[in-house]
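Novice: This is a predicted model, with the sequence first.
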Amino acid sequence: MRLFVALDIDEEIRTRLERFVREVKPLAPDIRFVGTETFHVTLKFLGETGKLESLQRTLRGVRASQFKLSFRDTGFFPNQRAPRVFWAGIHAGPGLESLANLIGWAVAPLGFPTEPGPYHPHLTLARSGSGNPRMRSHERPNSKFQQLQERLASMPQPDFGTMTAREFFLYESRLSPRGASYHKLERYALEP
């Protein structure tokens with residue numbers, strides 16, 4: 001099973017993101033936009049594993065408090081010159097990073113390595129090429145995003161809203177020729 005741990009997004013925010021994507025999609029016809037039904041905030045990517053029951057038991061023991069997070073601003077990975085990923089920003093206090101770290105530390109004894117650097121949350125809106133945000137900045141320019149970048153430069157940065165994270169989920173990612181579909185396997189409540 002291909003698994004990851006993530007927050008779901010409130011429906012009101014998802015609707016605003018969907019409206020924004022519909023508006024900007026014609027400006028980048030050669031890139032793959034992510035289906036808005038799959039939007040989530042990844043806390044820990046686990047990959048292919050057969051450790052479902054151990055993961056579920058471990059995640060049930062994660063204790064963290066609810067927190068607020070805002071979805072606003074947009075940008076590109078790895079940079080403006082050679083973009084591969086178009087993203088929406090996620091802004092939160094220490095609660096989001098703390099939860100991601102708690103999950104990472106909890107699953108490390110099961111053989112899932114902790115992340116090498118700080119947690120940088122974002123919501124992927126579209127990809128071009130591999131979509132790998134770690135690509136080197138000296139790559140040749142990618143013009144597929146050019147019209148979109150020009151339009152965004154003339155607009156105020158969008159604000160999609162703020163929500164309270166009250167729970168997180170263990171998801172299964174199922175790959176198919178039409179792309180990935182995500183299925184919630186178990187819910188974990190955050191403390192009020």
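Specialist: In hand now; what should we look at?

Novice: do you know how far E48 is from E97?
Specialist: 26 Å (CB to CB, to the nearest Å). C-betas here are computed from N, CA, C, even on glycine.

Novice: Show me which of those two is the more surrounded one.
Specialist: Between E48 and E97, E97 has the larger neighbour count (other CB atoms under 10 Å), namely 16 against 8.

Novice: what's the more buried one in contact with, if anything?
Specialist: 118-119, 121 (CB atoms under 8 Å, 6 or more residues apart in numbering).

Novice: Could you list which of those belong to strands?
Specialist: Here DSSP state E is the test, and the contacts of E97 give no hits in strands at all.

Novice: Between these, which sits nearest Q66?
Specialist: P121 (16.2 Å; CB to CB).

Novice: Skipping adjacent residues, who's closest to that closest one in space?
Specialist: The shortest distance from P121 to any non-neighbouring residue, by CB to CB, 6 or more residues apart in numbering, is to I90 (4.0 Å).

Novice: Now the one you found, what are its backbone angles?
Specialist: phi -120, psi 120 (degrees, to the nearest 10).

Novice: partners of the helix or strand where G75 lies in the sheet?
Specialist: Assigned by DSSP states H and E, G75 falls within strand 67-77. Using DSSP bridges, strand 67-77 pairs in its sheet with strand 85-92 (antiparallel), strand 159-165 (antiparallel).

Novice: what's the average pLDDT for the shortest one?
Specialist: Looking back up the chat, that one is strand 159-165. Strand 159-165 comes out with an average pLDDT of 98.

Novice: Can you point out the buried residues in stretch 57-69?
Specialist: 58-59, 62, 64, 67, 69 (16 or more other CB atoms under 10 Å).

Novice: got TSV for these, with pLDDT and distance to E172 too?
Specialist: Formatted as TSV, these follow (pLDDT from 0 to 100; distance: CB to CB, whole Å):
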residue	pLDDT	distance to E172
T58	98	16
L59	98	14
V62	98	18
A64	97	22
F67	97	25
L69	97	24
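
Novice: before we move on, the earlier item: just list the residues touching the residue nearest to P121, thanks.
Specialist: 41, 69-71, 96, 121-123.

Novice: rerun at 10 Å
Specialist: The contact partners of I90, by CB atoms under 10 Å, 6 or more residues apart in numbering, come to 7, 9, 41, 69-73, 96, 120-123, 160.

Novice: so what pLDDT did the nearest residue to F160 once chain neighbours are set aside get?
Specialist: In this structure, F160 finds its nearest non-sequential neighbour in F71, 4.0 Å apart by CB to CB, 6+ apart. F71 is assigned a pLDDT of 98 by the prediction.
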